[in-house]
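Engineer: Below is the structure, and that's it, no one-letter string:
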RNA sequence: GUGGUUGUAGCUCAGCUGGUUAGAGCGCCUGAUUGUGGUUCAGGAGGUCGCCGGUUCGAAACCGGUCUUCCACCCCA
């Protein structure tokens, strides 16, 4: 049996874990300064909790788990006969892996509504799964770091979330552009152009503006059957650089603009470290967004978005709880990792690792080394003991490869003198000190 | 899901139009050096050429399938 790993998944080596922890810890500490509380949910959910929330495309990307037991006995015979996969699924699969953290959170809120107080501010850092075709920065298993507030329609939270994005990427050292829009503005643009009922089609087309250009979008719009007059009106709207210029003949559109203005008002004279800009072409696919939407792109690395989010007014309604508006954003840990790796932004010191290793020449000094290690650890110094009196070169090489900064070599001299040579592996210098002095030096 | 692309030693890659025992650099192991790593020198180990099948006297090379990688579309973190 040849060892293999599933496509779109990865193992993490210790060094990678340290770097990932650095990202998670940075994000977590910002979340906490805004009063967000941690939760976790199961990796599996009832399939009907997940389906229908992410649009048609999203449903296709859900990982489904085959029922246990004699699942064929209970399978839909007709669907099986006709080889109709999508009709067969409900009868052979009742569970799926979560596709994001937002929908399970909505389910969580409804189930625990009596245990939490609203507005409920939570954060969650866990893996999610998508049966997408992998590419660079696109995996089938990846971690999301989500912050959401549910139970308030206040646009104060939109303002908070923008600040959180700005602060996190500032402290990670990644320069980003934060694009902001509002679904109501998109609906308004469509209504203004006289195509209110087809605003989603329009949105999908204009979302591609920076990729295929104005001509490409014009083509796509005419292919979808929009008139030249509508297309012209759409372009007039999306060419607006600022909110002030945008003048829509649409009530819902004006509401969207008013919402964006209010977020602006909440922010007052706060200045962002990163670029935050209104972009009427920003669409975002996730089906459940209803108002504010946001997306984050790294300025210096060509990779997809490294964060995204928005407001969802009705997500808990499908679990039987109305009037429970929520808003939230997500950080894509894997892509942030890839960006930081490419830009060499990870700090070089890792104080989580072993600080000192004790080497020995024979059985007796190995025993002594272990007694010494017990003392060092009692003083909270991360200590290892090389497990055998192997050749000194081999022991030193291990210390070197592991990047352990200090070494003590123990032999009969050290045991009788009670003084040990503390060797600094960077400089190569050795100081002969008592145990007390060594503990002082390393703490 | 559609179209394309990649896969040779632990890593990065050579290997001409199919022709004996498949190479390099780095890394690894051993020694020079029986109380001190990173340098140097000498020697050594390591590959069912992703996997399965086909064509051929003969396949790492050609064909088909499959898995994987990356790219475009779709969508997204």
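Structural biologist: Done, it's in. Computed from a predicted structure; not experimentally measured.
Engineer: which parts of the stretch 201-350 of chain A sit against RNA strand B?
Structural biologist: Residues of the stretch 201-350 of chain A lying close to RNA strand B (C-beta under 7 Å from any atom of the strand) are A:204, A:208, A:211, A:283-286, A:295-296, A:304-308, A:330-332, A:334-335. Backbone N, C-alpha and C define where each C-beta goes, glycine included.
Engineer: From these, keep the buried residues only.
Structural biologist: With neighbours counted by 16 or more other C-beta atoms under 10 Å, those contain buried members at A:283-284, A:286, A:295-296, A:305-308, A:330-332, A:334-335.
Engineer: Report the lowest-confidence entry in those.
Structural biologist: pLDDT across those is lowest for residue A:286, at 68.
Engineer: Of the buried ones among the residues of the stretch 201-350 of chain A next to RNA strand B, which pair is most distant in space?
Structural biologist: Across these, the longest distance by C-beta to C-beta is 22.8 Å; it joins A:283 and A:334.
Engineer: right, and residue A:377 touches residue A:383 too?
Structural biologist: Yes: assessed by C-beta atoms under 8 Å, residue A:377 is found in contact with residue A:383 at 5.3 Å.
Engineer: neighbour-wise, which of those two wins?
Structural biologist: When residue A:377 and residue A:383 are compared for neighbours, residue A:383 comes out ahead with 24 against 12, by other C-beta atoms under 10 Å.
Engineer: OK, contacts around the more buried one?
Structural biologist: Going by C-beta atoms under 8 Å, 6 or more residues apart in numbering, residue A:383 touches A:354, A:355, A:356, A:357, A:358, A:373, A:376, A:377.
Engineer: Phi and psi next, for the third one.
Structural biologist: This means residue A:356. Per-residue torsions, residue A:356: phi -150, psi 150 (degrees, to the nearest 10).
Engineer: quick one: the helices in the stretch 51-200 of chain A?
Structural biologist: Ranges of helices within the stretch 51-200 of chain A are A:55-60, A:77-81, A:85-92, A:102-111, A:156-172, A:183-192, A:199-206, based on DSSP state H, counting those that start in this stretch.
Engineer: Tell me the pLDDT of residue A:346.
Structural biologist: Listed pLDDT for residue A:346 reads 89.
Engineer: Distance of the residue nearest to it when sequence neighbours are not counted relative to residue A:93?
Structural biologist: Ranked by C-beta to C-beta, 6 or more residues apart in numbering and with sequence neighbours excluded, the top spatial neighbour of residue A:346 is residue A:19, at 5.1 Å. Distance of residue A:19 to residue A:93, given as C-beta to C-beta, to the nearest Å: 36 Å.
Engineer: ditto for residue A:313
Structural biologist: Separation of residue A:313 from residue A:93 (C-beta to C-beta): 30 Å.
Engineer: And residue A:388, by the same measure?
Structural biologist: Applying C-beta to C-beta, the value for residue A:388 to residue A:93 is 53 Å.
Engineer: Same check on residue A:29?
Structural biologist: Using C-beta to C-beta, residue A:29 is found at 39 Å from residue A:93.
Engineer: More neighbours: which of the two?
Structural biologist: Ranked by neighbour count (other C-beta under 10 Å), residue A:29 and residue A:93 place residue A:93 first, with 16 against 12.
Engineer: Pretty sure the more buried one sits against residue A:64.
Structural biologist: Yes: using C-beta under 8 Å, residue A:93 is in contact with residue A:64, at 4.2 Å.
Engineer: Pull up the overlap in contacts between those two.
Structural biologist: Common contact partners of residue A:93 and residue A:64 (C-beta under 8 Å, 6+ apart): residue A:47.
Engineer: Hmm, residue A:233 and residue A:194 touching each other?
Structural biologist: Yes: the criterion here is C-beta under 8 Å, and residue A:194 meets it with residue A:233 at 7.4 Å.
Engineer: which stretches of the stretch 151-300 of chain A aren't confidently modelled?
Structural biologist: For the stretch 151-300 of chain A, applying pLDDT under 70 flags the ranges A:286.
Engineer: For RNA strand B, what's the nearest residue on it?
Structural biologist: Residue nearest to RNA strand B within the stretch 151-300 of chain A: residue A:285 (1.1 Å; C-beta to the nearest atom of the strand).
Engineer: what's the spacing between the nearest residue to that residue once chain neighbours are set aside and residue A:200?
Structural biologist: With sequence-adjacent residues excluded and distances taken as C-beta to C-beta, 6+ apart, residue A:285 is closest to residue A:55, at 6.5 Å. Separation of residue A:55 from residue A:200 (C-beta to C-beta) stands at 9 Å.
Engineer: Same check on residue A:384?
Structural biologist: In terms of C-beta to C-beta, residue A:384 sits 59 Å off from residue A:200.
Engineer: hmm, the helix with the most length in chain A in reach of RNA strand B?
Structural biologist: Ranked by residue count, the top helix of chain A under DSSP state H comes out as helix A:14-33. No: using C-beta under 7 Å from any atom of the strand, helix A:14-33 stays clear of RNA strand B, coming no nearer than 12.6 Å.
Engineer: Domain-wise, how is chain A divided?
Structural biologist: A:14-40+A:109-343, A:356-442 (automatic domain parsing).
Engineer: between residue A:384 and residue A:200, which one's more packed in?
Structural biologist: More crowded of residue A:384 and residue A:200, by other C-beta under 10 Å: residue A:384, with 20 against 15.
Engineer: secondary structure element for the closest residue to that one other than its chain neighbours?
Structural biologist: Spatial nearest neighbour of residue A:384, excluding adjacent residues (C-beta to C-beta, 6+ apart): residue A:357 at 4.5 Å. Using DSSP states H and E, residue A:357 maps to strand A:356-360.
Engineer: which SS state does the closest residue to residue A:433 other than its chain neighbours fall under?
Structural biologist: Closest residue to residue A:433 apart from its sequence neighbours, by C-beta to C-beta, 6+ apart: residue A:422 at 5.6 Å. With DSSP: H, G, I helix; E, B strand; the rest coil as the basis, residue A:422 sits in strand.
Engineer: tally of neighbours for residue A:422?
Structural biologist: Look at residue A:422: counted by other C-beta under 10 Å, it has 19 neighbours.
Engineer: likewise the one 5 residues further on?
Structural biologist: Taking other C-beta under 10 Å as the neighbour definition, residue A:427 ends up with a count of 7.
Engineer: Same check on residue A:73?
Structural biologist: Number of residues near residue A:73 (other C-beta under 10 Å) recorded here: 6.
Engineer: give the contact list for the nearest residue to residue A:63 once chain neighbours are set aside.
Structural biologist: Of all residues not flanking residue A:63 in the chain, residue A:97 sits nearest, at 4.1 Å (C-beta to C-beta, 6+ apart). Residues near residue A:97 by C-beta under 8 Å, 6+ apart: A:43, A:44, A:45, A:62, A:63, A:65, A:128, A:129.
Engineer: change it to 7 Å
Structural biologist: Listed by C-beta atoms under 7 Å, 6 or more residues apart in numbering, the contact partners of residue A:97 are A:43, A:44, A:63, A:129.
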